[in-house]
Structure formats: structure tokens, C-alpha cells
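Chemist: sequence first, predicted coordinates after that:
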Amino acid sequence: MTPGGLLAVAGAGLAVGILCAGKYPRLWLGATLAGALAAFGAAVLALGNVVVWDWKPGFVLGGEAVHLRLDGLSAFFLVLLSFLGGAGALYASEYWSEKEHPASAPGGRGWWNGLILNMGLVLLCANGLHLLIVWELYSICAYFLITRERQLRETRAAGWLYLASSHVALVFLLAFFALLAARTGSWELGPMRERAGLEPLFWFALLGFGLKAGVFPMHVWLPSAHSNAPSHVSAIFSGVTIKMGIYGIMRFSGWLPTPVSAGWVVAGLGVASAVLGVAFALGQHDLKRLLAYHSVENIGIILIGLGFALIAQEHGHAAWGRLALAGALLHVWNHGLFKALLFLGAGSVLHATGTREMSRLGGLWRAMPWTASLFALGATAIAGLPPLNGFVSEWLVYLGLFDAVGGRGTTACAAVFAAVALGVTGALALACFVKVCGVVFLGQARSELGEDVHECGWRMRLPMLAIGTACATIGLAPVLFWPALTVAASAWQPGMGDAVSSAPLVQLGAFHLALAAGVVLGVTLLWAKVRRNGMSRAETWGCGYHAPTPRIQYTAGSFAWIITGWFGWILRPERHSHLPQGTFPAHADFEEHTPETVLEGVVEPTGLAVMRVSTAVRRLQHGRVQSYIFYLLLGLAALAILAVTKGVP
Amino acid sequence: MTRAIFILLRLAVWLAAAPLLPGIINKVKAWVAGRRGPPVLQLYYDLAKLWRKGVVLSTTVSPAHAAGPALAWVALAGAALLLPVGPTLSFRGDALLFVYLLALARFGMALAALDTGSAFEGMGAAREVSYAVLAEAAIITALLTLCVQSGSVTLATMLAPSAGAGAALLAAGLFGVLLAENCRVPFDDPNTHLELTMIHEAMVLDHSGPPLAVILHGASLKLLLFSVLLTEAALPLGELPPLEAAGALAAAVLMVAVAAGLVESLLARLAFRRVPLLLTTAFLLCLFALLAAWKGGVA
């Protein structure tokens, strides 16, 4: 079958899914999975055969001829979309089931398919006008998915913030596509790097797509949207939806000429997003909000790679740029995979315990061994540790940066800065995920979680297992995915895909395999030795204290205390405490909260100021005709005075 | 084939020699204090004893309590496999793999510590992962220096020549990182008896028997890895004939151990709030080494 046929099947499957979402959940699941599988097949075919699928059926929509196109870059993103779209649908069938959410489950299924379908079309559309339309449609689907629990005030607020930010982004994108159409004379999109005069348009694209990608400081909508949506929705959001922004930036930095400073700005935004994203994550106590901030971090890592690819372009497509680009592209997949895994795991925790507050959780490994192990796998991957996939993409970006340092000059200075920032980000992410895994899954429960804490069922576990396997496969056999990276990189810009040897990747994969085998062997041998030597059980050492309670344990806040202190200048954590006083202290408490610095410190004051000015101006309009005539007279008088003093004829 | 045997043999030498270093440091400390001190081979005796002992497990712990130390040890052994002297298992980018293997070891240890639910071990783990952020910045800068010097991202090529103009700066910076990452004075006191002030020791309070042996051996291996890295980065060992290089390496590592012992005898440990300052100093030293390497290369 050709990619076109498969894509038609995919579209039909998703559309059928929308139709039967209301009444027939099983049919919906079947149709959606079939559609996702077909889309996956089409994307793999397009990546494997290196042919660009181009389809112009000849009919007109909204005054523009329909033009769909699947090339290496869009196929690369489509692989991720279809994989996570299918996995999320299966997960949702248990997580957001008819029984538990009778009112919102049918709608959730329909909007899910709408989201997947429209994101797929964003990847396929080669016409600016149509791209804008499907872009808006997917944003609306996403809004309805976020607000599944709209009886909660917090969720409604998150939804509104998302909708507002989406439309601010849309304003920039409208400007971008309209100006592009005005300058080229057509809404058709395609490679036009040689056309002069299009460079400044890149800034509009960066603002519009960057806002949707959640780049710091334009990430204000992201944490609340991701934490209040149902978890399978958070997974697709973090995994794919924000990647649409990355797709936009990549697509149009590849197709259009870019300003000279584009690479510097992108890399700078990347460094800021990476370091500050993870710093904010460390300050969070809400499991899903923490994961949401890690999306900002990983978008940053992707942008560092892309930024240096753009800088390399100014140096005649230097080889280090290709490595950085390959790292950025692979990180798109990797982040999509491990972040979806982590959000699905967090959903499993939420489903079992009913809370996202880490300071109430603990010791969940007993009740939920599958979730705990898969979450730990995802945590190892996101912390960029070998032998999993997160390390492979970060390693590629590092290789690019290290080679750039060898080149000397300003680029080298920037690369030193970026490499150190990447190292710091990695160490901070490690700290953050030690905190999450330790506080949520290890130790003892910090509050009464009730008796019904349970492991998730197979339909939730299976998607997590599939995604976990994908993480491990990319980590252990990275070279298998190199051809896909080359195809996507040359689709970004011709010449970016070739002549980088994949040999180190083979050796890295071999080392990873040996390491994984060593770890399995080491753990087994040590455990066998422990069992042979005999073991006894006792209470955890409490420094001589004999009445320990689970509340003595370190919490998420205390674990991150040192690092949140270092980043206090931007996190501005709010701490309230009543310290124990007197000889027999009765009451003491401590509370810590990390505000949304950018939202509460910049966006909200600006919005309020605009509101205040608008309200003041509104007083002029009150419906009294006499005053309106007075305004007219005033205006005329002013014009007359102007005319007389300036001497206009 | 001979190369594979050589590499495995070298790994065996690293693993076997590692427990010597803490013994030497303790001997130096004892001499300075005018005591006789424990024998240099004390850690070997301890390890042998622990390996035979039974295990007391906390009622709270999960399988991660034993799996963490095993993971950490394997990661450190993997890092040892990458460290070159003579023919080695090297490929482009293995320097970064080396750094991230050390991070993997930290991940395993910190999780095993949090597993007990003890506040002391929580403290230890929090300190370990927090200070590592600054140490990581310093190590990446050191690697960048070596990369500028040699134009390569392969450990074998990076470590063969000396660090050139900035060798002394780099050695000083890496020595700071060595002390911090291995929890020596002035960052941490391996002999402290107060749980509240520990880093590494606090993380292993609840470990016993074979897992504790694995942790102690892993810690000594990490100390050896850092000493060898420091030595090879600063001295042009790769340019000597193999035997002399091995001799020079042994002598230099011995000197590093003696230096660590002297620091431990002559300095008090720092207050925790000063630790970041000292680590930042180490980072800056590495950064100056980078600048020196840059200038040295141009001239």
C-alpha cells in the first residue's frame, strides 16, 4: 500500500471513531487504533522509502486548492503522533471509562479523535490557509479535552488560559501566513530558501509556534493545562501537541530563509527553557505540574540542538550542526515517549489514590509494582541516563556542541555555555526525578491513602509497557533509528542529512547493551548473595528515636530545598511557617508554594493594567447623545486649530 | 582478542586496586595526627567480612534498596572500562558516556537511600544530588578544556597529551571536584559520627552486609576513577612508553591520595552553605583552564 492509501484509511478510521464515540466505546477504540496503526504505517513507509508523498486532488476549499504532502520531516512527527495517539486511546478506555465518568467520557473520545486527526492534518497541509484552519481546529479540540472536568474551577481557569494563549499564538501565525502569502503571491507552502526578503517573517513564526511549544517565558499556559487535563490528554499534550510548535519552527526555519541571528535566539531560548524549566519543576509539589515543567525543559534541549543547527547553517552546514540537529530530532521522539510514559504513570497514581499532591503519597511500590517500575524507567530516561533513549539524544547534542567548541570564535563561546547548561540541566533533572520516584513510590505513605489503592488494569498497563519498550529500544539499539533521522534532517534542509558517520552510535548501542546486561546480572547476583547470607527485618534507623511516623520522612519540598534556594531569585518560593515556640510547643506548621513567576508577575499585571485603562476609557461611552455631539464639536475644533496652526490649505 | 583480554585485565586491576586508596588516605591522616592508624589494607578486610555477613533490611524497603547499589557499582565499573591506559574500548563521545555513567551511579544510590523512608538518608540524598549539579558543570567544563586541547571527544585522545597551558588550573579544579564527589573533607567528613552533617555516609545508614560491601567498593572505585582522570588530564602520560606510563600513573595517583589525606588532616570541613562557593571555585578553575587552552591553541 502507498502512504496515500494508508493515510486515507487512517483518516477514515479516526472519522468513524468520532461518529461512534458517543454510543459505542468499543467500536470507537477499534476504529481509532486501526486509524492510528494505518497512520503509523504511512509514516514509516514515507520515512523508509524517502519518497515525498504529494497529493493535489484538484478540489478547492475556502478558495484554495487542497494540497497535502508527507515528506521526511512531517513523517517523522507523524510516527510519534500515531504511536501515542493509539496508546493514549487504549489507556483512556480504562482510565476515563464510561463507568467512572458517564458525562464526560463520550465527549472525551470524540475530541480525542478530533485532536489526533487535526494534528495529523497540520503535519500534512502544504497550504497556509488550510494549515491555519486545522491548527485552530486542533486547538479547540485540545481545549475541550483539557476541560473534561469543568465542574472544577481550577480546570475551567486552565482551559481559559490555554484558549487565550492559543489565540495569541494564532494572531502571530495569522500575521506570519498572511504576510508570507502577500509576499509570495500564494498560500502554497514549500521550500523557498532562495527568495530574499522573507527573513523577518521568521520572528512571527517563532513567536506563534514558540508559544504553543511552551518555550520559556511563553510557557505560562502549559503547567496548568497539563496538570488539570485527564492524564492521557496530558500525555498527548506533552508528547505531541507541544511538538507541533517545534514542528512549525523546524518546518519554516527549513523552508524559508532565516535571519542571521535566528540560531542565536533559538539556542538562547533553548538554554533558558532547559535550565529554568527544570528549576521550576524542582519547586513543584503537584506531580503532574512537575512533569509539565519538565516539558519546558525538554523543549529547551530540542531548541538548543535546533539553534546550533541554524548557527551551523551560517557556517556552511558544518558537520557539528548536523549532529546537533540529529540530537534535536531524536529528542522530539524521546521526549514524546518518556514524557507520555511518565504522565500515564502519574495518571495511574492519580487513579489509584485520588491525589496529585506528592506530600500525601509514598510507598506506592507495594500496591503498584508495574506502575512504579515503568515510572522509574521513564525517570531514568528523562534524566538522560544511559542505557536509555534520553541519553542518546542528549549525547548527540553534546557531540555537536563539543565539535563546535573546537571551531573557536563566538560560536565556540556559545557552545561552551550551552554545553555547561545542558550538563547542569541533566544533573537538575536527575535530582528532580530522584525526588519524584523517592517521594511517590518509595518510603511510606505520608497520609491515609485508603484501602483501595490498586494497580492499574491491563488496558492502562499495556500502553505504558509499549512506550517503555520503545524507550529501551531507542536506548539499546540507537543505530536502527539513524536512517529515519537522516531522512528527516535532509527534509529539513537538503544537505543536513548526509556525511555524518553513524559508527559511534553503533558502539554506544553495544556499550548500552553490555551495560543493561551487566545491571541485570549485577542485581541478580547481589540479590542471590543476600538471600544466601540470610536476612532479617528491622525498623529503619531513626538515630535512636523509637517512635517514628511516616511524617518524619523527607518530603518533596525538603528534598529540593537546597536547589530551590539557589534558584530563589526567579522561583520566589512563598514560605509560611509557625515555628515551635516555648517549652511545650503546641502547634507548628510549614507551608511552601512556588508561584508561576511569569504568569503572576508579568502576564497578569499587564492584563490588569490593560483592563484598567480600558475601563477608564469606557466611561466616555455612556449613551448620552448630547455628550457625543460635544465630542464631535471638540474633535472639529481640534482639527480646525491644527489646520490653522500648521497652515494646511 | 588480545585487546579484549587486555581491557578486561585492566578493569580487573582497577577493581582490585581501588580499595587501596582510602587505606592510603587514612594512613596519611594517622601519620599527620601522630597515630599508627589502621593498616593500609583495612578496607579489603572490611569488604571480605561484610561480604560474608547477613543482611538486616528495613521493614520499609523495596527491592530498590539492594538493586540501587548493584546498579551504581555496575555503572562505576562501566566507567572504569572506558578509562584509558594503553589500548582501550574507545569511541567518539565516550567522554560524555563516562560522565553520565557516574550520574547513573548517583541515581541508583540516591534512590536506594530514599527507599528507607529515613529523614537522614533523605538529607544525604538531597545533598548528594544537589552538590552534584555544580560538580557536573565543572566536569563538563574540564572535558571541554580537554576537547579544545586535543580536538577530540574520545577519552583516549583527550587524556593522552597534558592539558597544556592550563594544566595546573585544570588539576586544581578537578581536585576540588574529586573531593566533593567522593565526599571528602572539606565537603564532607567520611569519619563523622553525626547523621545530621553527613552526605555520603547518611545515604548508607541502613545498608548492611553484601550491599554495603558493594557500596564501599564502589565508592573506592569512584575515588580511583577521579584520581586517574585528574592525573591523565594533567600529565602527558599518553606520550610515554607503556611501562613508564603505568609507573608514572601509579606514582601520581599515590600523590593524589596523599594530597587528599593532607587536606583532610589540615582543613576543617566547611559549613554546608559554603560548599556551593567552593564548588563554584572548582568550576571557575576549570573555566580558566579552558580559556588558557584556547589561548594556548591559538599561539
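Modeler: Good, I have the coordinates. Residues are numbered from 1 along each chain as shown, chains lettered A, B, ... in the order given.
Chemist: export stretch B:159-177 as CSV, just CAs?
Modeler: What follows is stretch B:159-177, C-alpha atoms only, in CSV (Å, rounded to 0.1, in the frame of the first residue of the first chain):
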residue,chain,number,x,y,z
LEU,B,159,43.8,12.3,28.0
ALA,B,160,46.9,11.4,26.1
PRO,B,161,48.6,14.8,26.0
SER,B,162,48.8,17.1,29.0
ALA,B,163,46.2,19.8,29.5
GLY,B,164,48.9,22.2,28.3
ALA,B,165,48.9,25.8,29.4
GLY,B,166,46.1,25.4,31.8
ALA,B,167,47.2,22.0,33.3
ALA,B,168,47.7,23.3,36.8
LEU,B,169,44.4,25.1,36.8
LEU,B,170,42.6,22.1,35.5
ALA,B,171,44.2,19.8,38.0
ALA,B,172,43.2,22.2,40.8
GLY,B,173,39.7,22.3,39.6
LEU,B,174,39.4,18.6,39.1
PHE,B,175,40.9,18.0,42.6
GLY,B,176,38.1,20.1,44.0
VAL,B,177,35.6,18.0,42.1
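Chemist: just the strands in the stretch 1-150 of chain B please.
Modeler: B:55-58 (DSSP state E, counting those that start in this stretch).
Chemist: that should have said chain A, apologies.
Modeler: Applying DSSP state E to chain A gives strands spanning A:53-55, A:60-61, A:64-65, A:68-70, A:535-538, A:574-578, A:589-593.
Chemist: A:N118: how many residues sit nearby?
Modeler: 23 (other CB atoms under 10 Å in any protein chain shown). (C-beta placed from N, C-alpha, C; glycine too.)
Chemist: whoops, A:L608 was the one
Modeler: By other CB under 10 Å, 10 other residues sit near A:L608.
Chemist: need the pLDDT of the residue of the stretch 101-250 of chain A with the smallest separation from chain B.
Modeler: Closest to chain B within the stretch 101-250 of chain A is A:F216: 18.6 Å, counting by CB to the nearest CB. Looking at A:F216, its pLDDT is 90.
Chemist: any figure for the gap between it and B:P190?
Modeler: As judged by CB to CB, to the nearest Å, A:F216 and B:P190 stand 40 Å apart.
Chemist: more neighbours, those two?
Modeler: Each of A:F216 and B:P190 has its neighbours counted (other CB under 10 Å); A:F216 has more, 25 against 17.
Chemist: I'd say that one and A:A272 touch.
Modeler: Yes. Here A:F216 reaches A:A272: they are 5.0 Å apart, a contact under CB atoms under 8 Å.
Chemist: now do the shared contacts for those two.
Modeler: Among the neighbours of A:F216, those also in contact with A:A272 (CB atoms under 8 Å, 6 or more residues apart in numbering or on different chains) are A:G300.
Chemist: list the contacts of the nearest residue to the residue of the stretch 101-250 of chain A closest to chain B once chain neighbours are set aside.
Modeler: Excluding the flanking residues, the one nearest A:F216 by CB to CB, 6 or more residues apart in numbering or on different chains is A:S273, at 4.0 Å. For A:S273, the contacting residues are A:G214, A:V215, A:F216, A:H219, A:V296, A:E297, A:I299, A:G300, A:L303, by CB under 8 Å, 6+ apart.
Chemist: just the pLDDT at A:S273, thanks.
Modeler: 96.
Chemist: for it, give its distance to A:A267.
Modeler: Counting by CB to CB, the gap from A:S273 to A:A267 is 11 Å.
Chemist: give the intersection of the neighbour lists for those two.
Modeler: Residues touching both A:S273 and A:A267 (CB under 8 Å, 6+ apart): A:L303.
Chemist: what residue in the stretch 451-600 of chain A comes nearest to chain B?
Modeler: For the stretch 451-600 of chain A, CB to the nearest CB, closest residue to chain B: A:Y554, 2.5 Å.
Chemist: grab the nearest non-local neighbour of that residue.
Modeler: In space, A:Y554 is closest to B:G122, 2.5 Å off (CB to CB, 6+ apart).
Chemist: verify the stated contact: that neighbour with A:I552.
Modeler: No. Using CB under 8 Å, B:G122 is not in contact with A:I552, being 9.4 Å away.
Chemist: check what pLDDT the nearest residue to B:R10 once chain neighbours are set aside gets.
Modeler: If you skip the residues right next to it in sequence, B:R10 has B:V85 as its closest partner in space, 6.6 Å away by CB to CB, 6+ apart. pLDDT, B:V85: 76.
Chemist: quick one: the nearest residue to A:W135 once chain neighbours are set aside and A:H130, what's the gap?
Modeler: Once flanking residues are discounted, A:W135 sits nearest to A:V122: 5.7 Å by CB to CB, 6+ apart. Distance of A:V122 to A:H130, given as CB to CB: 10 Å.
Chemist: ditto for A:G518
Modeler: If you go by CB to CB, the gap between A:G518 and A:H130 works out to 52 Å.
Chemist: which of those two has more residues huddled nearby?
Modeler: Neighbour totals were compared for A:G518 and A:H130, and A:H130 leads with 22 against 19 (other CB under 10 Å).
Chemist: so that one makes contact with A:G62?
Modeler: Yes. Assessed by CB under 8 Å, A:H130 is found in contact with A:G62 at 7.3 Å.
Chemist: could you tell me how many residues sit around A:L579?
Modeler: 8.
Chemist: repeat for A:G190
Modeler: Counted by other CB under 10 Å, the residues lying close to A:G190 total 13.
Chemist: let me see the contact set for it.
Modeler: Counted by CB under 8 Å, 6+ apart, A:G190 has contacts A:R69, A:A126, A:W255.
Chemist: can I get the residues you listed in a markdown table including neighbour count and distance to A:G475?
Modeler: Listed next are the contacts of A:G190 as a markdown table, based on neighbours: other CB atoms under 10 Å in any protein chain shown; distance: CB to CB, whole Å:
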| residue | neighbour count | distance to A:G475 |
| --- | --- | --- |
| A:R69 | 17 | 32 |
| A:A126 | 21 | 35 |
| A:W255 | 19 | 32 |
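Chemist: just to revisit the earlier point, so which of B:G122 and A:I552 has more stuff around it?
Modeler: Between B:G122 and A:I552, B:G122 has the larger neighbour count (other CB under 10 Å), namely 26 against 17.
Chemist: in contact with the more buried one, which residues?
Modeler: A:G438, A:Q553, A:Y554, A:S558, A:F559, B:A113, B:L114.
Chemist: then A:L526?
Modeler: Residues near A:L526 by CB under 8 Å, 6+ apart: B:A66, B:A67, B:P69, B:A70, B:P210, B:P211, B:V214.
Chemist: got the confidence number for it?
Modeler: The predicted local confidence for A:L526 is 96.
Chemist: distance check, it against A:N533.
Modeler: From A:L526 across to A:N533, the span is 11 Å (CB to CB).
Chemist: tell me where the stretch 101-250 of chain B has helices.
Modeler: B:119-150, B:155-159, B:167-181, B:200-203, B:209-234, B:242-266 (DSSP state H, counting those that start in this stretch).
Chemist: mind putting those helices into JSON lines with mean pLDDT?
Modeler: Below are the helices of the stretch 101-250 of chain B laid out as JSON lines (pLDDT from 0 to 100):
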{"stretch": "helix B:119-150", "mean pLDDT": "93"}
{"stretch": "helix B:155-159", "mean pLDDT": "88"}
{"stretch": "helix B:167-181", "mean pLDDT": "93"}
{"stretch": "helix B:200-203", "mean pLDDT": "87"}
{"stretch": "helix B:209-234", "mean pLDDT": "95"}
{"stretch": "helix B:242-266", "mean pLDDT": "93"}
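Chemist: perfect, I'm done here.
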